[in-house]
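Novice: Sharing a model prediction with you, sequence too.
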Amino acid sequence: MPRLLGSVRVRTALGATVVVALALAAAGLVIVQVLSAGLQDNAQVAAEGKAREVAAQVAAGGPPGLAQGLETDAPVQVVDGSGRVLAASDGVAGALVFPQFHRAGAPSSQPTEGDDADGPDEDEDGDEEGGGDGGEVDGGADPGEWAGEWEVGASVGGAPAEVEEDAGFRDVSLRVDEDGRATADPDEATGTADFRVAALRTVSAGVPVTVYAGSSLTSQRAAVSDVTWSMLGWLPVLLVVVAAVTWLVTGRSLRPVEAIRAEMAEIRASDLSRRVPEPRSRDEVARLARTTNETLAALEDAVERQRRFVADASHELRSPIASLRTQLEVATAHPRLLVVDDVLADVVRLQGLASDLLLLARLDAGERPGGTRVDLAAMVREELAQRHRTDRVPVVEYPEEPPGGWAATGGVEVVGSRGQLARVLANLLDNAQRHAASEVGVTLRRDGRWVALQVADDGPGVPEDQRERVFERFVRLDDARSRDDGGAGLGLAIARDVAVRHGGSLSVRRAPSGGALFELLLPAV
Amino acid sequence: MRLLIVEDERRLATALARGLAAEGFAVDVTHDGAEGLRLATGRDYDLVLLDIMLPGLNGYRVCAALRAAGVETPVLMLTAKDGEYDEAEGLDTGADDYLTKPFSYVVLLARVRALLRRRTRGAAPVLRVGDLTLDPAARRCLRGTQEVSLTAKEFAVLEHLAVRAGQVVSKADILEHVWDFAYDGDPNIVEVYVSALRRKMDAPFGRRSITTVRGAGYRLVADGGA
């Protein structure tokens, strides 16, 4: 079961079904309530109408006895204060069938029942068997008192007596015959049925009487029950439909998700060129697919870049290693042919390459540069002092130090890693010296909040369409130059990486002398 | 046997050239593809060792141009490219063999010998001229069962003659295949070596297998003077 609930589809269908079931149950309850109340009102109105009709006859007519044999389907009885049935409709003639509530002669303060079928009704139902003999009429009320109080009945035989305005109501269970008509004869009775009974007090021939009229609640109960059962019958069908529709719709909208998942499961690092299917819709799932594909593309790019780097790196490492191996193997065969300087040169080259690759890997890993203050002016001076003695092409510093020292313009100090920045300078100078014809010029100046270091050579320069390519790894523009004195094509890539890590930039443009001018910009302290 | 090395790794090329020269080969070296093509088409080399990543003209194009020019010289490609397609491309452009850097010098030598053998005499690893036996791999020379000790250069001259046994081989031809262009001395050096060979492998055995063809060159015969 927990496995089954693990499916969004199952959960959604279940949830929707439960919510719909609750809503339908509540709605059904309200409907049944309203219907039941409405039908009860109808029964009450019918009962009151009949009671009022008979009461009017009784009040207008002679002695209640004349009202014998009322022509009506509804059970009607006219009862005097002592519980004697003065008149009754067919079927309920003779014995008193109604419980004596709202009795003539009773104090007006006696509460009349509402139209609810509540507790007291049950009691009445219980007494109802014996209702016929009117035995439990409590305290014979003085008819005069009632008549006096209502100020009716004084005109016996004269003007028609008044009929009480407000009727009393009660639900009563009566014996009924097989046609469902109320009967007073226990022999005819085939069962009982609920009636809404209205009781109206009036005066007949000077005698206070109560007119009871009943209206069957059977049809109302039947209607409510029909409605209830039909609703209960349709409920499961509806719920099955809701569950099925939810199941289908969620299945349909989740199908692209499943397709995406299946594709993702297939994708391995070795095959990042694959993409998840993008549904044609413009919903959340489509956006998820799009984002997933963008992520995959970025990932593929990164992996491809990494793979190319590793391939290039291993290729670059192969050359000095091959050279070393051949030199040493030849020397093994012919010991006098060993040229130690050449072996050493290759070892140095291998060392340089290894440290370049290591530095690039560290930069790629996002290593933060150090936080020491570095004085670029001092660094340039040191580097030039080292180079002066040995180099083929001289490096000349063109000082732009303002009168009064660097402090006048804010100094040329930057924050970062001294080693890495020295490496950038060395790489730029190496590169310039390699390409220069006769001279390399270094210029350092303060440019607003930037420190600018420019290295210019008078060589062939960098073609405009190659000015970004020179900063790519393992790119050598000088194809005509031999590998072992041209570097591996990592120097400028490292320089730019370091510059960017220090919050600066490195770019190349045409020097005034026609060669290349590399400009390193770093944020000043 | 004269070899051409076209390789831009200067120290690798130099070490290789020195080693091969010590084995008795005449070796020329260039670091540039275009220059390599010029040399290989201009002279009759026995083998070209060709790098692929070359300045000027890459190895594939040098090889293709050589074959297009009708030069049948065996080409052994040396490269740091180790992809299977790189290798296939190298062989398809006309190379005869392919070695990935870093390579074993011993294997390189064996392959050089194998390629030269194919070119000069088919599959047999040793050369036989009458009762004279030459084993280039071991650089051994036998007259009958007796070993004749020869220097690398002497062996190279003898091998050159033995490959063309029965044919007249000119002095210039010997000079071209046995000495590299670093040698600019007297062409008569060939005579010096031929007489050294006669002294070592003919005289002690009472043979005259190397005969002089006046005005044309030398000829190695199987039964000379026997």
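Specialist: Received it, and whenever you're ready, just let me know what you need. This one's a predicted model, so the numbers in the text were calculated from it and none came from an experiment.
Novice: quick check: domain ranges of the chain?
Specialist: You didn't pick a chain, so chain A it is. A:36-225, A:267-367, A:369-523 (automatic domain parsing).
Novice: you looked at the wrong chain, it should be chain B
Specialist: According to automatic domain parsing, the domains of chain B span B:2-121, B:127-220.
Novice: Just send those back as CSV, with mean pLDDT and mean neighbour count too.
Specialist: C-beta coordinates here come from the backbone N, C-alpha and C atoms, glycine included. As requested, the domains of chain B are arranged in CSV below (pLDDT from 0 to 100; neighbours: other Cβ atoms under 10 Å in any protein chain shown):
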stretch, mean pLDDT, mean neighbour count
domain B:2-121, 89, 20
domain B:127-220, 87, 17
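Novice: between these, which one is nearest to chain A?
Specialist: Among the domains of chain B, domain B:2-121 comes nearest to chain A, with 3.3 Å by Cβ to the nearest Cβ.
Novice: do the closest one and chain A meet?
Specialist: Yes - Domain B:2-121 reaches chain A (Cβ under 8 Å from any Cβ of the partner chain) through B:8-12, B:14-16, B:18-19, B:22-23, B:31-32, B:53, B:55-56, B:80-82, B:101-106, B:108.
Novice: Relative to residue A:384, how far out is residue A:440?
Specialist: Distance, residue A:440 to residue A:384, using Cβ to Cβ, to the nearest Å: 10 Å.
Novice: More neighbours: the two, which one.
Specialist: Neighbours were tallied for residue A:440 and for residue A:384 using other Cβ atoms under 10 Å in any protein chain shown; the higher tally belongs to residue A:440 (28 against 18).
Novice: Where helices are concerned, which of the residues of domain B:2-121 next to chain A count?
Specialist: Among these, the ones falling in helices (DSSP state H) are B:10, B:11, B:12, B:14, B:15, B:16, B:18, B:19, B:22, B:105, B:106, B:108.
Novice: mind putting the domains of chain B in CSV, distance to residue A:454 included?
Specialist: Formatted as CSV, the domains of chain B follow (distance: least, Cβ to Cβ, whole Å):
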stretch, distance to residue A:454
domain B:2-121, 30
domain B:127-220, 46
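Novice: mind listing the strands for the stretch 1-150 of chain A?
Specialist: Counting by DSSP state E, counting those that start in this stretch, the segments of the stretch 1-150 of chain A that form strands are A:76-80, A:85-88.
Novice: The first one - what's its average pLDDT?
Specialist: Going back to what we said before, that points to strand A:76-80. Throughout strand A:76-80, pLDDT has a mean value of 83.
Novice: Could you list the low-pLDDT ranges of the stretch 101-250 of chain A?
Specialist: Counting by pLDDT under 70, the ranges of the stretch 101-250 of chain A that qualify are A:105-161.
Novice: at 90 what do you get?
Specialist: Applying pLDDT under 90 to the stretch 101-250 of chain A flags the ranges A:101-228, A:230-236, A:250.
Novice: ranges for the strands of the stretch 351-500 of chain A?
Specialist: Here the stretch 351-500 of chain A has its strands, by DSSP E, counting those that start in this stretch, at A:372-375, A:395-399, A:413-416, A:440-447, A:450-457.
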